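K.L.:
just to be clear, the model below is a prediction. Sequence and coordinates:
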Amino acid sequence: MDTVPFRRGFTLIELLVVIAIISVIAGLLVPTLLTGRRESYKIQCTNNLRQIGTFAMTYSDKSGTRCFPFAKTKDSRAHESLNELLALYPGELPPELFKCQESPETFRAERAEDGSYVLGEENLSYTWVARRTKPTVNSPLASYRYVDGFEDEDGVHAGHNGGMNVLWTDGPVRFMLTENRDPETMLPPGLTH
């Protein structure tokens, strides 16, 4: 007579213990992964601002104005001034350059059939200097549009924890802490949406 070996499976308690251990490990890893993702967004934002700064510096030489792009309208907005930059470099600047990953998904410029696109308030993640500025002045030129938790008529916005990336007229991008900005606009001094 053959005997069938006794197979012992998991008991319900053992299964629950394994699930609890996996839950604890996941609870420890998820915040770390989210922090890593936010840091990668901040780095991408820094790279976008650097590239915009490089094109803006070249614009100041190529345009003959010796100034950064600035719209010729009263109370120029950031998108109007940056459209001046796009006009000098048609088709060279991808729309993704003007969108930080922390921005809402709707902040995306769509290309027309000819490859061109126009920036507007609804698809630009960055601010821009509010007045005609020369490269010789060391002041903020552009920044990410929102600080984390900033609330306006469109709702609460996500941003980089504790501050925002700021492009300076002399070229570098530095992280500016929340307490160093205008408390009303939450932007570095001299910048506009």
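P.N.:
Sure thing, it's come through.
K.L.:
every contact and neighbour count from this point should use C-alpha atoms.
P.N.:
OK.
K.L.:
can you show me the helices along this protein?
P.N.:
Using DSSP state H, the helices of the chain run over 12-62, 78-88.
K.L.:
out of the ones you listed, deepest packed?
P.N.:
helix 78-88 (a mean of 21; mean count of other C-alpha atoms under 10 Å).
K.L.:
for it, packing partners?
P.N.:
When contacts are defined as 3 or more C-alpha pairs under 8 Å, 6 or more residues apart in numbering; DSSP states H and E, helix 78-88 packs onto helix 12-62, strand 126-129.
K.L.:
7 Å instead?
P.N.:
Judged by 3 or more C-alpha pairs under 7 Å, 6 or more residues apart in numbering; DSSP states H and E, helix 78-88 has no packing partners among the helices and strands.
K.L.:
between helix 12-62 and that helix, find me the angle.
P.N.:
Counting by axes from the mean of the first three to the mean of the last three C-alpha atoms, to 10 degrees, helix 78-88 lies at 60 degrees to helix 12-62.
K.L.:
can you tell me, leaving aside adjacent residues, what's nearest to residue 42?
P.N.:
residue 160 (6.4 Å; C-alpha to C-alpha, 6 or more residues apart in numbering).
K.L.:
what is that neighbour paired to in the beta sheet?
P.N.:
Taking DSSP bridges as the rule, residue 160 bridges to residue 147.
K.L.:
ok, how many other residues are close to it?
P.N.:
A count of nearby residues for residue 160, using other C-alpha atoms under 10 Å, gives 20.
K.L.:
please renumber so the chain begins at 58
P.N.:
Noted, 58 is the first residue going forward, which turns the last one into residue 217.
K.L.:
about what we covered before: mind putting the helices of the chain into CSV with mean pLDDT and distance to residue 224?
P.N.:
Converted to CSV, the helices of the chain look like this (pLDDT from 0 to 100; distance: least, C-alpha to C-alpha, whole Å):
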stretch, mean pLDDT, distance to residue 224
helix 69-119, 89, 6
helix 135-145, 93, 14
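K.L.:
so which of these is nearest residue 173?
P.N.:
Minimum separation from residue 173 across these (C-alpha to C-alpha) falls at helix 135-145, 8.8 Å.
K.L.:
output the closest one as PDB, restricted to C-alpha atoms.
P.N.:
Extracted C-alpha coordinates of helix 135-145, given in PDB (Å, rounded to 0.1, in the frame of the first residue of the first chain):
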ATOM      1  CA  ALA A 135       5.800  85.400 -19.600                       C
ATOM      2  CA  HIS A 136       4.200  83.600 -22.600                       C
ATOM      3  CA  GLU A 137       4.300  86.700 -24.700                       C
ATOM      4  CA  SER A 138       8.000  87.300 -24.100                       C
ATOM      5  CA  LEU A 139       8.900  83.700 -24.700                       C
ATOM      6  CA  ASN A 140       6.900  83.700 -27.900                       C
ATOM      7  CA  GLU A 141       9.500  86.300 -29.100                       C
ATOM      8  CA  LEU A 142      12.100  83.600 -28.400                       C
ATOM      9  CA  LEU A 143      10.200  81.000 -30.400                       C
ATOM     10  CA  ALA A 144       9.900  83.500 -33.300                       C
ATOM     11  CA  LEU A 145      13.700  83.700 -33.600                       C
END
